[in-house]
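**Q** 3D, please:
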Amino acid sequence: MQKRLFFWELGGFLFTGLAGCLLHFVYEWSGGAPLAAVFSAVNESVWEHMKLLYVPLFLFSLVQLSLLGRNYPNLLAVRGLSALTGLALIPVLYYTYTGIFGRHFLWADITVFFLADFGLFWLDFRLLRRGRFSSLWQQLLGLAVLWGMAFFFVWCTFRPCLLPLWQDPVTGAYG
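**A** Presented below is the predicted three-dimensional model:
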């Protein structure tokens, strides 16, 4: 059972990483279509790079829940917690390294993305194996967190907060 979970989590890590990289370009490829803005990056802000991690994770979670949900009654709560952790790693790591070096580097940005992806699925694997957070209220909270983040990513794409997290470092624009 643990071996099967390991391969699911490895698959999730790979899917999220690769799909996130592809989603980086979808908005541009679509010619700026509003529908593409819902699930892909519209600029180079840290927020939009967090969305690149979240959207594939959300889609993978739907598949994983439908195929493994009965075996892991703590999946929703654990995924909500690990998603928040992975998403928090992106700004923490990005602002830490840019604060140290005074600028950003493309290779480091990509590394930050994959470290956040890895951290998310590493935590996910560890918590799912332990079976913690399986009560109904925790599952409902996990579901609310996952859907709430999905809503928040879409909302803030079209109505970004005027904070550095949402500011495109290339153009200085928001959204």
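
**Q** poorly predicted segments of the chain, please.
**A** 1 (pLDDT under 70).

**Q** please enumerate the helices of it.
**A** Here the chain has its helices, by DSSP state H, at 2-29, 34-39, 46-68, 75-101, 106-130, 136-158.

**Q** which other helices and strands does the fifth one contact?
**A** Put plainly, it is helix 106-130. Secondary-structure packing of helix 106-130 (3 or more C-beta pairs under 8 Å, 6 or more residues apart in numbering; DSSP states H and E): helix 2-29, helix 46-68, helix 75-101. From N, CA and C alone the C-beta is placed, and that goes for glycine too.

**Q** any idea which of those helices is most buried?
**A** Of all these, helix 46-68 carries the top mean neighbour count, a mean of 20, counting by mean count of other C-beta atoms under 10 Å.

**Q** angle of that helix against helix 136-158?
**A** Per axes from the mean of the first three to the mean of the last three C-alpha atoms, to 10 degrees, the angle that helix 46-68 makes with helix 136-158 is 140 degrees.

**Q** which neighbouring elements make contact with helix 46-68?
**A** Partner elements for helix 46-68 (3+ C-beta pairs under 8 Å, 6+ apart): helix 2-29, helix 75-101, helix 106-130, helix 136-158.

**Q** possible to save those as a markdown table with distance to Pro164?
**A** Shown next, in a markdown table, are those (distance: least, C-beta to C-beta, whole Å):
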| stretch | distance to Pro164 |
| --- | --- |
| helix 2-29 | 20 |
| helix 75-101 | 8 |
| helix 106-130 | 15 |
| helix 136-158 | 14 |
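
**Q** OK, contacts around Cys46?
**A** I think there's a mix-up here, since residue 46 is Val and not Cys. Neighbouring residues of Val46 by C-beta atoms under 8 Å, 6 or more residues apart in numbering: 90-91, 94-95, 164-166.

**Q** Pro34: which of those is nearest?
**A** Trp166 (17.5 Å; C-beta to C-beta).

**Q** and the residue lying closest to that closest one once chain neighbours are set aside, how far from Phe118?
**A** Leaving out its chain neighbours, the residue that sits closest to Trp166 by C-beta to C-beta, 6 or more residues apart in numbering is Pro160, at 3.9 Å. Separation of Pro160 from Phe118 (C-beta to C-beta, to the nearest Å) stands at 27 Å.

**Q** ok, those two, which is more surrounded?
**A** Pro160 (20 against 15; other C-beta atoms under 10 Å).
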